[in-house]
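Trainee: for reference, the sequence and a predicted model appear below.
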Amino acid sequence: MTTENPVPLKAVQPRAIIDRMPKYAAGKPPRQIPGLDAYKLSSNENPQPPIPEVMDAIRAQLEINRYPDPLSTKLRLALAEFLSVPAEHIVTGAGSLGALTQILAAFAGQNDDGVQDEVVFAWRSFEAYPIVVETAGALPVQVPLLADGRHDLDAMAEAVNENTSVILLCTPNNPTGPALRTSEVEDFISKVPSDVLIVIDEAYQEFVRDPQAVNGIDTYRKHPNVMVLRTFSKAHSLANLRVGYSVAHLAVTNHIRVVATPFAVSSVAEDAAVASLAHFDKVVERVQKVVDERTRVVAALKGLGWEIPETEGNFVWLPLGADTAGFAELAAEQALSVRAFGREGIRVSIGEVEANTRFIELCRNYPKPTTLS
């Protein structure tokens, strides 16, 4: 009796690109140190809870057994009034990242001829950009930041070619902090072909105080190929509920709706976001508290001799280079979690007053203040 050779087993394999893609690293929780309250300053979260009206809206939402409105109609109508834009120009998503993923699914990928679309963005910028671009099948084109942490818009314009389909502008830039200014963005747009989609990512827009900073909504109104990303995660303190949106002209949104994730925004998130918009004056008061703390932290660091990029977000950037890991460990020993980026630097979110004060003291005692080069 003979036994046939068994068919060799093969392991299931992902797409080849998966092993080459960078991995998203979320901010870690703080280390628990006896005698110290621990603070998480690694995820750019708003340290304040949502306003009371939002909590009431969340508690009132009982139809958890029902699917939400796939078009988020209540939220889009509220946003349309709030922003003075047509509701048809708004597409919601699971945070601004979910909204961006939908945009790339519609406008960036591999074409029928096998040629990849190219997506241009500054680097370092939002950590998820190369991940979602490559997931869509497109080619990420990273343009190095200037020494002061700002976008090099001239170099980004030069990087545009016949394969470029999308450009991402992150303002204020995460993790370095500077905001783009209206004049430089308008000049940049004039250099970009009108069939290239320019996405202005404004996740931290509510924290901006520079009067010269670009306003994405104003810019989209003037340019059919410009669209805006915004979120309720930061200023509105709704990070856990994952609700964001994009604003663009119909020629863009009609295509995004085709690939938009169904039911991405829950009814709980939608009602919370609507309530937050309805009481935006209270949100502004809380945002101003963060801005005031940001001002205090920045002034303290500069007074200690630290050179850091100007920041318009709810965070500061320490360009520590090779000292990045060492500083992160010192922070951990003080029950502070901060976000380290390789051998580039540290992003520190503006958190509770005590946390910010402890961070300032850490910087006071650190022997190697940063210098911008």
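Mentor: Looks like it came in fine.

Trainee: next, the buried residues of stretch 351-362.
Mentor: The neighbour-count check on stretch 351-362 (16 or more other C-beta atoms under 10 Å) flags Gly351, Ala355, Asn356, Arg358, Phe359, Ile360, Leu362 as buried. C-betas here are computed from N, CA, C, even on glycine.

Trainee: where's the fourth one, which helix or strand?
Mentor: Under the criterion of DSSP states H and E, Arg358 resides in helix 353-365.

Trainee: does anything pack onto that helix? Which helices or strands?
Mentor: Helix 353-365 sits against strand 39-40, helix 280-303, helix 324-333, strand 336-337, with contacts defined as 3 or more C-beta pairs under 8 Å, 6 or more residues apart in numbering; DSSP states H and E.

Trainee: can I get that helix as CSV, trimmed to CA atoms?
Mentor: C-alpha atoms of helix 353-365 as CSV (Å, rounded to 0.1, in the frame of the first residue of the first chain):
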residue,chain,number,x,y,z
VAL,A,353,-1.9,72.2,34.4
GLU,A,354,0.1,69.9,36.7
ALA,A,355,1.3,67.8,33.8
ASN,A,356,2.5,70.8,31.9
THR,A,357,4.3,72.2,35.0
ARG,A,358,6.0,68.9,35.5
PHE,A,359,7.1,68.8,31.8
ILE,A,360,8.5,72.4,32.2
GLU,A,361,10.5,71.3,35.2
LEU,A,362,11.8,68.3,33.3
CYS,A,363,13.0,70.6,30.6
ARG,A,364,14.5,73.0,33.2
ASN,A,365,16.7,70.2,34.5
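
Trainee: do you know how far the nearest residue to Leu97 once chain neighbours are set aside is from Pro29?
Mentor: Counting by C-beta to C-beta, 6 or more residues apart in numbering, Leu97 lies nearest to Ala128, which is 5.6 Å off, once chain neighbours are set aside. Ala128 is 20 Å from Pro29, where distance means C-beta to C-beta, to the nearest Å.

Trainee: more neighbours: those two, which one.
Mentor: Per other C-beta atoms under 10 Å, whichever of Ala128 and Pro29 has more neighbours is Ala128, with 16 against 12.

Trainee: quick check: that one touching Ala99?
Mentor: No. Between Ala128 and Ala99 there is no contact under C-beta atoms under 8 Å: 11.9 Å.

Trainee: quick one: the helices in the chain?
Mentor: Assigned by DSSP state H, the chain shows helices spanning 16-20, 52-60, 73-83, 95-107, 129-135, 153-159, 182-191, 216-222, 250-259, 267-278, 280-303, 324-333, 353-365.

Trainee: and those, which one averages the lowest pLDDT?
Mentor: For these, the weakest mean pLDDT is recorded on helix 16-20, namely a mean of 75.

Trainee: now Thr73: closest residue in space that isn't a chain neighbour?
Mentor: Ala87 (7.9 Å).

Trainee: what residues are up against the nearest residue to Arg181 once chain neighbours are set aside?
Mentor: If the residues on either side of it in the chain are set aside, Arg181 comes closest to Gln212, at 4.5 Å by C-beta to C-beta, 6+ apart. Gln212 is in contact with Arg181, Thr182, Ser183, counting by C-beta atoms under 8 Å, 6 or more residues apart in numbering.

Trainee: what is the nearest of those to Glu53?
Mentor: Thr182 (33.0 Å; C-beta to C-beta).

Trainee: re the thing from before, any chance of the helices of the chain in TSV, plus distance to Leu9?
Mentor: Shown next, in TSV, are those (distance: least, C-beta to C-beta, whole Å):
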stretch	distance to Leu9
helix 16-20	20
helix 52-60	49
helix 73-83	49
helix 95-107	34
helix 129-135	28
helix 153-159	45
helix 182-191	53
helix 216-222	52
helix 250-259	36
helix 267-278	43
helix 280-303	55
helix 324-333	41
helix 353-365	52
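
Trainee: among those, which is the most enclosed?
Mentor: Mean neighbours per residue, mean count of other C-beta atoms under 10 Å, is largest over the helices of the chain for helix 95-107, with a mean of 24.
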